[in-house]
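Colleague: 3D, please:
(2 chains)
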Amino acid sequence: MRRTNTCGELRISDLGKKVCLQGWVRFSRDHGGVQFIDLADRYGITQVVFDPQDLPEGCDAKQLADVINTFTRECVISIDGIVRNRVEGTEDARNPTGQIEVLITGAELLNTCAIPPFEIGDQKEGVLPNEDTRLKYRYLDLRRTEMIQAMVFRSKLVHLARQYLEQNGFLEIETPILGRSTPEGARDYIVPSRVHPGTFYALPQSPQQFKQMLMVASMDRYYQVARCFRDEDSRKDRQPEFTQLDLEMSFVDMKDIQDMMEGLMAYIWKGLYGQELKTPFPHIAYRDAMERFGSDKPDMRYGLEFVKLTEVVKDAPYKIFQNILANNGIVAGINLKADIAGDKVGRNDVDRYIAYAKKVGLGGLTWMRCVNGQLESNIVKYFTPEILENIKKTMGAEEGDLLFIIAGPWKSTYEGGGFLRKKIAEDLGLVPENEFQFFWMDQCPMFEIDPVSGKYDAFHHPFVLPENDLDDDYVGGACFDLCLNGNELGSGSLRIHNAQKQIEVFHKLGLDDERIERNFGYFVEMLSYGAPPHGGIAIGIDRICAILLNKDSIRDVIAFPKNKRAVSLLDGSPSKVDDDKLEELQIISLAGEDLDLSEYEDSGSEE
RNA sequence: GCCCUGGUAGUGUAGCGGCCUAUCAUGAAGCCCUGUCGAGGCUUCGACACGGAUUCAAAUUCCGUCCAGGGCGCCA
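Modeller: From the prediction side, this is the model:
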């Protein structure tokens, strides 16, 4: 290798060294006689100087100038030179290599660069091109320092995780990418089989079943940096393919798994920031999270907690509340204290929040303001003075405070309230930056009942160990989420290790024996061959990186993400494939605009 | 499937019925310049997403389409 140093490496201690640097021309400044080039690579930027007056003997200035004249932005060059001091007073304190420069004594153009579609300099933050342009030219976008830092950060984080888990006896084991499609859960990406026409593999939504098999296989502690695939619509924190740090442990209880994760996070923290992370993480029960913050992954870095008013208003002659309470609904309030909201939330803002509340599924939004020691609003006339006083007391309302009151069915009302709480906090600037608060959300139910169909759905997934008898009124699940700043990083649980219990849960979820056998037969059978008690957790690598780096979207910590519509602008996938490929797989597409189905008709009943 | 926001030179923007032959910056091309560092100076080039409608007049208003982002649904 000719290169002697990277572009982020040279310091004052290297003065006089003969070096060869190779990299990209970021900026160049031609002063007529002397010319400066910012030579960049992923390690940094070094200023290299063409100074024809100051060349050592034997250097042909004319020849060098001819080469350097061919350099353009972002072309790839190799320069030989001598590390020297900068002229006094021209050092650049912002750049770690800013004390020195390299006098060019030899130069070579390694490759040209077409005119870049956007500028790659780092000072242009805030004026990034549209994301589709960035994604189309991702290899250029990734040259930006900010993106390089994200990739370095992510690589470090994953490396630290591997180190910690290896130190704790975990085996890194790969599980199949081509697997079986299951009817539960997210939509699968499916892959046609050529050998068995008409059958399909599915890409894994998670390695869930395989990692449980590894426990039955006595591997005891498994982990994997696992790519997962879900064919659902994207969000800023959801991509069609994403990466999870997946792990599973045998002979453990929930605390063992949580302790291991806390140790892992603390190790990563120390490695990334050189600081101790406070463990253990606090816990909050699902019900409390919902009733206090209106979310199962609440951001608890700011207050604005809901206070239950159901009891307080149960005798109020206010029809709307009466109807709601008669249907087992709840009433709860949130107090915007005068010092944080006082002047900032006026009558117009209240109307805005009422409109927002309706948008997020709340029937409406009741408000009261504490003025001259009395609660005032358009509806106080429906409440007796005693009830108003009680509301005031329960909510801790003081002069100038504004109360928002939500009412309706338990789940949808608290969920809507959670959206409202978040919106208010953002509007009022209550969300702190650069504060990271991990916590466990636990004590979850095993099932949720669909309010429309009355059907049981698994709260997490059907392999979670129920904590009590399935016929009890309330069944808890041995599962928990790891949350950070209002985001779910991942969820873990103890798993069912008893075949009969697993079948019972499937039954509860409405699967009959035939369907269980067809879709999960091998899995249930596996449990019958000495499955140890086991459990595990998976956390989203993309999400944790995005949160820790303050990125709006996980796309900013993924080298080659898809856009909102699951398209890769870089390679144009998904794309059509040649007809002969489809023919080999015995597949016809119904999406073609000129498809002639006549020769296939009467073989199927569809359409 | 639905809702919201947006689409102006390569890039980022201003303009939001006539002051538009469309602003500014950056970029690109050319010239000048020996200490800059997003160098600087001068000259030139380059755009209203597409299709309809309203109007004497549309970048601007309306309708439709496409594209992008955010959200709902969905994500066991």
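Colleague: My read is that A:Gly361 contacts A:Tyr414, right?
Modeller: No: taking contacts as Cβ atoms under 8 Å, A:Gly361 lies outside contact range of A:Tyr414: 10.5 Å. In this view, the C-beta of every residue, glycine as well, is placed from N, C-alpha and C.
Colleague: These two - which one has more neighbours?
Modeller: Counted by other Cβ atoms under 10 Å, A:Gly361 and A:Tyr414 do not tie: A:Tyr414 has more neighbours, with 25 against 15.
Colleague: hey, where'd the helices end up in the stretch 51-200 of chain A?
Modeller: All helices of the stretch 51-200 of chain A, identified by DSSP state H, counting those that start in this stretch, fall at A:61-68, A:131-136, A:138-141, A:145-167.
Colleague: Turn the ones you listed into TSV, columns for distance to A:Lys18.
Modeller: Shown next, in TSV, are the helices of the stretch 51-200 of chain A (distance: least, Cβ to Cβ, whole Å):
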stretch	distance to A:Lys18
helix A:61-68	16
helix A:131-136	39
helix A:138-141	32
helix A:145-167	28
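Colleague: just so I know, which of those lies nearest RNA strand B?
Modeller: Ranking those by proximity to RNA strand B (Cβ to the nearest atom of the strand) places helix A:131-136 first, at 4.3 Å.
Colleague: Please state the offset of the closest one from the chain centre?
Modeller: 20 Å (Cα atoms, centre = their mean, to the nearest Å).
Colleague: same check, this time on stretch A:550-558
Modeller: Distance of stretch A:550-558 from its chain centroid, counting by Cα atoms, centre = their mean, is 7 Å.
Colleague: and that stretch, anywhere near RNA strand B?
Modeller: Yes: contact between stretch A:550-558 and RNA strand B, assessed by Cβ under 7 Å from any atom of the strand, occurs at A:552-553, A:555.
Colleague: correct me, but A:Ala332 touches A:Phe306?
Modeller: Yes: when contacts are counted by Cβ under 8 Å, A:Ala332 is listed as touching A:Phe306 (4.4 Å).
Colleague: Give me the common contacts of the two.
Modeller: Shared contacts of A:Ala332 and A:Phe306 (Cβ atoms under 8 Å, 6 or more residues apart in numbering): A:291, A:406, A:414, A:417.
Colleague: ok so, going back, as a markdown table, the helices of the stretch 51-200 of chain A with mean neighbour count and distance to A:Ile120 would be great.
Modeller: Output for those, formatted as a markdown table (neighbours: other Cβ atoms under 10 Å; distance: least, Cβ to Cβ, whole Å):
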| stretch | mean neighbour count | distance to A:Ile120 |
| --- | --- | --- |
| helix A:61-68 | 14 | 20 |
| helix A:131-136 | 16 | 11 |
| helix A:138-141 | 17 | 6 |
| helix A:145-167 | 16 | 9 |
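Colleague: mind putting the ones you listed in CSV, distance to A:Pro183 and mean pLDDT included?
Modeller: Formatted as CSV, the helices of the stretch 51-200 of chain A follow (distance: least, Cβ to Cβ, whole Å; pLDDT from 0 to 100):
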stretch, distance to A:Pro183, mean pLDDT
helix A:61-68, 65, 93
helix A:131-136, 33, 94
helix A:138-141, 35, 96
helix A:145-167, 32, 97
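Colleague: could you redo those helices as TSV and give each row distance to RNA strand B?
Modeller: Converted to TSV, the helices of the stretch 51-200 of chain A look like this (distance: least, Cβ to the nearest atom of the strand, whole Å):
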stretch	distance to RNA strand B
helix A:61-68	10
helix A:131-136	4
helix A:138-141	11
helix A:145-167	12
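Colleague: looking at these, which is closest to A:Gly16?
Modeller: Among those, helix A:61-68 comes nearest to A:Gly16, with 20.2 Å by Cβ to Cβ.
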